[in-house]
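*Asks:* Provided below for reference: sequence and predicted model.
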Amino acid sequence: MSSTTVSLPAPRVPGPRGRLQNNPVPGHKRVLLAAPRGYCAGVDRAVVAVEKALEQYGAPVYVRKQIVHNIHVVRELEARGAIFVDEVDAVPEGSTVVFSAHGVAPAVVSAAADRDLHAIDATCPLVTKVHREAVRFARDDYEILLIGHAGHEEVEGTAGEAPDHVTIVNSPDEADTVEVRDPSRVVWLSQTTLSVDETMETVRRLRARFPQLSDPPTDDICYATQNRQVAIKKVATGADLVIVVGSANSSNSVRLVEVALEHGAKAAHRIDYAHEIRQEWLDGVATVGVTSGASVPEVLVREVLEELAGAGYRDVEEVRTAHEDLMFSLPKELRQQGEARGGRSRP
């Protein structure tokens, strides 16, 4: 892991300088900027998929649920002609629909086909991996204990692959009460955006009750979720306050707040936009940690840094714990269209 100093330009907008006071505090005022942060490969792929669909098919392009859990991204795509719907039955027959990065159950795919929709599957490949695991273990007649949050789109999609074999375990406490048919044929899978520590505690408690519990072939919690949690742990140990940029329905963003508090931050808050920072959060604070969830564009982080600079936190030190260079191909429907039109598909 490494730390580097980041050169931050002066705030572009005079307004924020007057909104937050530059109160004197003991010690040097600084920002610890976590890295990695922000967009992961799956989110980038999903957002670009909607943008490419709008380019190739024209507006409107329909999207089932939020393409990623970030209000800013959704508003930006709406301005370009995307229409977000809760279910495919709200999409006019024959239209183009994009499935979100969180994945969908087979029943949703069938419903789209029944309406003759041109479906583009922007499911994160790491979520698709968990779907395939669910199908495989159900075929082998395992009972699947799916660790995740009931009602989350990703959990609904994974459970929908094998509804008769899946039981959702929401928390470590539920691991103490869940019942299974055959303790010798049970496996755990997980939502990709959970707290690593809490998930492992849930698994530990499940295994105490079911010693023959099988593991997934590889980690289900995605690399980006893990990397962002590791980075904020490092930042939190030296921060009086941690600010996490991310939306309320972003599971991985909410987890970052929890992880920061568990690993030394005196206070931690989640925000969507820089203007949501409150003066009282900064009173007496020398060091502010900043990070962002995996569905957050970097422009929102830069605006937070500018807002903090206006309050005197002009020295920004990036704390890096990993390097990420993973990229995913666009959905096959968009790659095929790009090839047919002589365009370049994204690598």
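*Replies:* In hand now; what should we look at? Note that this is a predicted model, so its numbers are computed, not measured.
*Asks:* check which helix or strand covers Val31.
*Replies:* Element membership for Val31 (DSSP states H and E) is strand 30-35.
*Asks:* That strand: what's the following helix or strand?
*Replies:* That would be, after strand 30-35 and using DSSP H and E, helix 41-57.
*Asks:* Give the buried residues for that next one.
*Replies:* 41-54, 56-57 (16 or more other CB atoms under 10 Å). To be clear about C-beta, it is placed using only N, CA and C from the backbone, and glycine gets the same treatment.
*Asks:* Isn't Ile221 up against Asp197?
*Replies:* No: the criterion here is CB atoms under 8 Å, and Ile221 misses it with Asp197 at 10.4 Å.
*Asks:* Closest one of the buried residues of helix 41-57 to Asp121?
*Replies:* If you rank the buried residues of helix 41-57 by distance to Asp121 using CB to CB, Ala49 comes first, at 8.7 Å.
*Asks:* Which residues are in contact with that closest one?
*Replies:* Ile67, Val98, Ile120, Ala122, Leu330, Pro331, Leu334 (CB atoms under 8 Å, 6 or more residues apart in numbering).
*Asks:* make it 7 Å
*Replies:* Shown in contact with Ala49 (CB atoms under 7 Å, 6 or more residues apart in numbering): Val98, Ile120, Ala122, Leu330, Pro331, Leu334.
*Asks:* which is the next helix or strand following the helix or strand where Val242 lies?
*Replies:* Using DSSP H and E, Val242 falls within strand 241-245. Using DSSP H and E, the helix or strand that follows strand 241-245 in sequence is helix 251-262.
*Asks:* what angle sits between that next one and strand 30-35?
*Replies:* 130 degrees (axes from the mean of the first three to the mean of the last three CA atoms, to 10 degrees).
*Asks:* List of residues touching helix 251-262?
*Replies:* 149, 152, 193-195, 225, 228-229, 232-233, 236, 242, 244, 246-247, 268, 270, 289, 291, 293-294.
*Asks:* Ok, stretch 135-153 next?
*Replies:* 65, 100, 102, 134, 154-155, 158-159, 161-162, 165-170, 178, 180-182, 185-191, 194, 199, 202, 206, 214, 251.
*Asks:* Okay, helices next: where are they in the stretch 51-200 of the chain?
*Replies:* 71-80, 106-114, 125-139, 153-159, 172-175, 196-209 (DSSP state H, counting those that start in this stretch).
*Asks:* Let me know the average pLDDT across the fourth one.
*Replies:* What it means is helix 153-159. Helix 153-159 shows a mean pLDDT of 98.
*Asks:* cool, and the longest one?
*Replies:* For helix 125-139, mean pLDDT is 98.
*Asks:* Please identify the buried residues of that helix?
*Replies:* Leu126, Val127, Lys129, Val130, His131, Glu133, Ala134, Phe137, Ala138.
*Asks:* Which member of these is positioned nearest Phe84?
*Replies:* For those, the nearest to Phe84 is Val127 (18.7 Å; CB to CB).
*Asks:* OK, contacts around the closest one?
*Replies:* So Val127 contacts His102, Gly103, Glu154, Thr192 (CB under 7 Å, 6+ apart).
*Asks:* mind redoing it with 10 Å?
*Replies:* 42, 100-104, 153-154, 157-158, 191-193, 220, 222 (CB atoms under 10 Å, 6 or more residues apart in numbering).
*Asks:* Let me know the closest of the residues you listed to Ile277.
*Replies:* Thr193 (24.5 Å).
*Asks:* quick one: the closest one and Ala294 touch, right?
*Replies:* Yes: between Thr193 and Ala294 there is a contact at 7.3 Å, judged by CB atoms under 10 Å.
*Asks:* Common neighbours of these two, please.
*Replies:* Cys40, His69, Cys124, Cys222, Ala224, Thr225, Arg228, Ser250, Ser251, Asn252, Ser253.
*Asks:* what about the helices in the stretch 201-347 of the chain?
*Replies:* 223-236, 251-262, 279-282, 298-310, 332-340.
*Asks:* In CSV, list these along with mean neighbour count and distance to Val108.
*Replies:* Below are the helices of the stretch 201-347 of the chain laid out as CSV (neighbours: other CB atoms under 10 Å; distance: least, CB to CB, whole Å):
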stretch, mean neighbour count, distance to Val108
helix 223-236, 24, 24
helix 251-262, 23, 20
helix 279-282, 15, 41
helix 298-310, 19, 30
helix 332-340, 15, 16
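*Asks:* Those: lowest mean pLDDT?
*Replies:* helix 332-340 (a mean of 68).
*Asks:* Greatest separation within the contacts of Ala49: which pair is it?
*Replies:* Val98 and Leu330 (11.3 Å).
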